[in-house]
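Enquirer: Pasted the sequence and its predicted model underneath.
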Amino acid sequence: MLFARLDARSLSLARICIGFILLLDGIYRIQYAEPFFSDEGIWPSHLIKNFGWQPGYWSVHLWIGGKVWLYVCLFLQIFLSVLFIAGIGRKITQFFLWAILVSAHNRNLYILQSGDDLIRNFLFLSLFTDMFEYFTINNQKRIYHYERISSGNILIIFQIFTVYLFTVYFKLQGNDWLPDGQAVYYALSIDQIRYPVGNLIYEYPGLMRVLSYTIYIMECLIALFIIMPYKTSFFRTWAFLMLIFIHTGFAISMKIGFFPFISMATASIFIPTSWWEFLSKKFDFFKKNYVSGKYPFYDLFLEGIIIKAFLLFLILTLNLTSVKSFPFEPDRPLAYVINVLRLNQYWGMFSPNIPRADGWHEAWGRREDGSVYVLESPVKGSPGQKPDDLYVYFPTDRWRKLTENMSRDEYTFLRPLYCKYLINKYKKQMEKEKLAGIELVFFREINLPGYRINGPEKELWCYCLK
């Protein structure tokens with residue numbers, strides 16, 4: 001039973017952190033609504049079901065169509081995020097926020113990353129626990145015991161446990177983490193994501209080797225400490241501190257979107273009661289409106305136990321299906337349910353080995369006489385030249401993720417769609433410069449040991465006539 005114990009204030013803090021992340025995510029979505037979500041953008045609605053779409057997927061963003069409905073959906077995420085942070089509407093708000101998030105993710109699959117899967121799953125699974133007992137604007141006095149035991153808690157604990165258990169497993173399938181200890185070196189060799197702090201770390205190969213081993217060992221310990229049945233509070237405190245250490249390092253050294261912040265937000269459920277008790281002695285705010293008491297055992301653990309057990313089965317099964325030797329694949333009815341809920345489970349970020357490929361794309365306008373007019377390039381007026389800080393070239397990590405996907409052989413269909421979007425974007429400029437079309441090129445680099453680089457080699461992705 002200790003395994004299922006979480007502090008109500010920690011759950012409520014997780015709610016607030018996740019709410020702010022979704023609020024910022026919604027703002028970014030509105031800022032780039034046209035390229036990512038409209039029919040004039042990279043992924044028009046009439047093509048959505050041709051690539052990547054699975055039976056059971058759904059998106060309210062597609063129901064009516066048009067820009068007005070698109071912006072209604074995007075603003076709805078912002079509105080629901082504010083309500084979620086404030087605790088207004090409680091689980092009704094949380095359910096609709098999860099639904100609009102699933103809808104947005106399904107609208108464009110090719111700008112997503114592991115953090116999107118984690119926050120979507122956590123938001124859904126936490127519907128079965130209570131994140132609204134504290135830090136809401138309409139708190140009411142009730143009998144309550146801060147450390148609540150709930151079968152719903154098991155769902156979110158188990159979800160986080162599987163993230164670290166399987167990422168440790170996948171890292172073992174390659175050599176970058178163990179035994180070579182070169183994972184951090186290759187990760188920071190990717191110019192697309194390396195921040196200035198990453199540049200400082202990148203200068204010290206010995207430090208990067210130590211960090212590679214340290215991160216791997218910590219992830220092993222996190223998975224173990226999360227489920228420790230003995231001295232649960234002690235071990236989860238250390239799990240939380242290691243999570244913060246790892247993901248703070250990721251956040252300050254690499255441009256990988258909201259992933260580290262989502263990981264830290266979900267990890268805040270492990271903040272122990274002793275920390276809150278210390279704060280309550282200093283600040284009355286942390287203990288107001290509550291008196292001691294306990295819920296009946298049925299309310300704590302048995303309510304909805306069949307549904308929760310089924311969800312646990314899905315989480316475990318989906319993680320195991322990502323293991324090559326696992327013989328079971330969900331059949332069609334079960335796969336349909338999984339797709340409706342979007343309970344994706346693959347935690348292979350930076351594993352089994354770190355990608356060696358790097359590079360950047362450029363858009364060149366071609367005149368009829370063959371001369372080039374550069375429309376997009378990291379260094380203005382210097383096509384084919386890599387800047388010192390390539391990460392600046394990408395406005396957000398979703399743009400970087402799009403470039404990463406376009407560079408892969410299995411997603412070549414994205415290239416002409418992006419090219420067509422550029423033609424619409426630069427229509428007036430093309431007429432002014434008398435451009436006949438746009439040439440989308442990619443400069444590919446391969447990172448090698450010892451700070452060596454193979455390339456850049458120019459690749460023609462596509463050529464589109466206006």
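Expert: Now that the structure is in, tell me what you want to look at.
Enquirer: Each with direction, which strands does the helix or strand where C462 lies pair with?
Expert: Assigned by DSSP states H and E, C462 belongs to strand 452-465. In the sheet, strand 452-465 lines up against strand 435-448 (antiparallel) (DSSP bridges).
Enquirer: and the partner strand, how far from the chain's centre?
Expert: Distance of strand 435-448 from the chain centroid (CA atoms, centre = their mean, to the nearest Å) equals 27 Å.
Enquirer: shaky segments in the stretch 51-200 of the chain?
Expert: Along the stretch 51-200 of the chain, the model assigns pLDDT under 70 to residues 139-148.
Enquirer: can you rerun that using 50?
Expert: Within the stretch 51-200 of the chain, the ranges that satisfy pLDDT under 50 run 141, 143.
Enquirer: Quick one: the strands in it, in order.
Expert: 142-143, 147-149 (DSSP state E, counting those that start in this stretch).
Enquirer: show me what contacts the residue nearest to I27 when sequence neighbours are not counted?
Expert: Closest residue to I27 apart from its sequence neighbours, by CB to CB, 6 or more residues apart in numbering: I78 at 6.6 Å. All C-beta atoms are positioned from the backbone trio N, CA, C, and that covers glycine. I78 makes contacts with L23, G26, I27, I30, as judged by CB atoms under 8 Å, 6 or more residues apart in numbering.
Enquirer: any idea which of the residues you listed is closest to F96?
Expert: Set against F96, the nearest of the contacts of I78 by CB to CB is G26 (13.2 Å).
Enquirer: can you confirm the closest one is in a strand?
Expert: No - under DSSP: H, G, I helix; E, B strand; the rest coil, G26 falls outside any strand and is assigned helix.
Enquirer: Show the pLDDT at it.
Expert: Note on G26: pLDDT of 96.
Enquirer: mind checking how far it is from L97?
Expert: As judged by CB to CB, to the nearest Å, G26 and L97 stand 10 Å apart.
Enquirer: list the contacts for the residue nearest the centre of the chain?
Expert: The centre of the chain sits closest to G115, judged by CA atoms, centre = their mean, with a distance of 1.5 Å. Taking CB under 8 Å, 6+ apart as the contact definition, G115 lies against I256, G257, F258, F259, P260, F261, I262, S263.
Enquirer: rerun that using 6 Å as the cut-off
Expert: G257, F258, F259, I262 (CB atoms under 6 Å, 6 or more residues apart in numbering).
Enquirer: most surrounded residue in the residues you listed?
Expert: With neighbours taken as other CB atoms under 10 Å, the top of those is I262, carrying 25 neighbours.
Enquirer: so it sits right up against R120, yeah?
Expert: No - assessed by CB atoms under 6 Å, I262 is found out of contact with R120, at 9.8 Å.
Enquirer: Next one, pLDDT for Q385 please.
Expert: 86.
Enquirer: ugh, typo on my part, it should be I244
Expert: We note a pLDDT of 97 for I244 in this prediction.
Enquirer: Excluding chain neighbours, what is closest to it?
Expert: Nearest non-adjacent residue to I244, counting by CB to CB, 6+ apart: M264, 5.9 Å away.
Enquirer: Outside of the helix or strand harbouring the one you found itself, list whatever touches it.
Expert: Using DSSP H and E, M264 falls within helix 259-267. Residues outside helix 259-267 that contact it (CB under 6 Å, 6+ apart): 14, 17-18, 21, 115, 118-119, 122, 160, 240, 243-244, 247, 250-251.
Enquirer: and that helix, how far out from the chain's middle?
Expert: Remark: helix 259-267 is offset 9 Å from the chain centroid, using CA atoms, centre = their mean.
Enquirer: Next SSE downstream of it?
Expert: Of the helices and strands lying after helix 259-267 in sequence (DSSP H and E), the nearest is helix 273-282.
Enquirer: Report the buried residues of that following helix.
Expert: T273, W275, W276, S280 (16 or more other CB atoms under 10 Å).
Enquirer: can you check stretch 29-49 too?
Expert: Within stretch 29-49, the residues scored as buried using 16+ other CB under 10 Å are 29, 32-38, 41-43, 45, 48.
Enquirer: Now T412. Its backbone dihedrals?
Expert: Backbone dihedrals for T412, given as degrees, to the nearest 10, come out at phi -60, psi -20.
Enquirer: Sort out which one of the buried residues of helix 273-282 lies nearest T136 for me.
Expert: Taking those together and measuring to T136 by CB to CB, the closest member is W276, at 16.1 Å.
Enquirer: Roughly how far does that closest one sit from F283?
Expert: 10 Å.
Enquirer: for Y164, same thing?
Expert: Going from Y164 to F283 by CB to CB gives 32 Å.
Enquirer: When these two are compared, which one has more neighbours?
Expert: Y164 (24 against 10).
Enquirer: Contact partners for that one?
Expert: Listed by CB under 6 Å, 6+ apart, the contact set of Y164 reads E219, I222, A223.
Enquirer: Now the last one: which helix or strand?
Expert: A223 is part of helix 205-226 when elements are defined by DSSP H and E.
Enquirer: Pull out the buried residues from the next helix or strand after that helix.
Expert: Proceeding N to C from helix 205-226, the next assigned helix or strand is helix 232-253, under DSSP H and E. The neighbour-count criterion (16+ other CB under 10 Å) identifies 232-233, 235-237, 239-240, 242-243, 246-247, 249-251, 253 as the buried residues of helix 232-253.
Enquirer: mind checking how far helix 232-253 is from the chain centre?
Expert: Here the centre of helix 232-253 is set off from its chain's centre by 17 Å, with CA atoms, centre = their mean.
Enquirer: same for the helix holding A223, what does it pack against?
Expert: Contacts defined by 3 or more CB pairs under 6 Å, 6 or more residues apart in numbering; DSSP states H and E place helix 205-226 against helix 151-172, helix 183-188, helix 232-253.
Enquirer: Tell me which helix or strand A309 sits in.
Expert: Secondary structure assigned from DSSP H and E places A309 in helix 305-321.
Enquirer: and the angle from the very next helix or strand once past that helix to helix 305-321?
Expert: Under the assignment DSSP H and E, the closest C-terminal helix or strand after helix 305-321 is helix 332-341. Helix 332-341 runs at 100 degrees relative to helix 305-321, counting by axes from the mean of the first three to the mean of the last three CA atoms, to 10 degrees.
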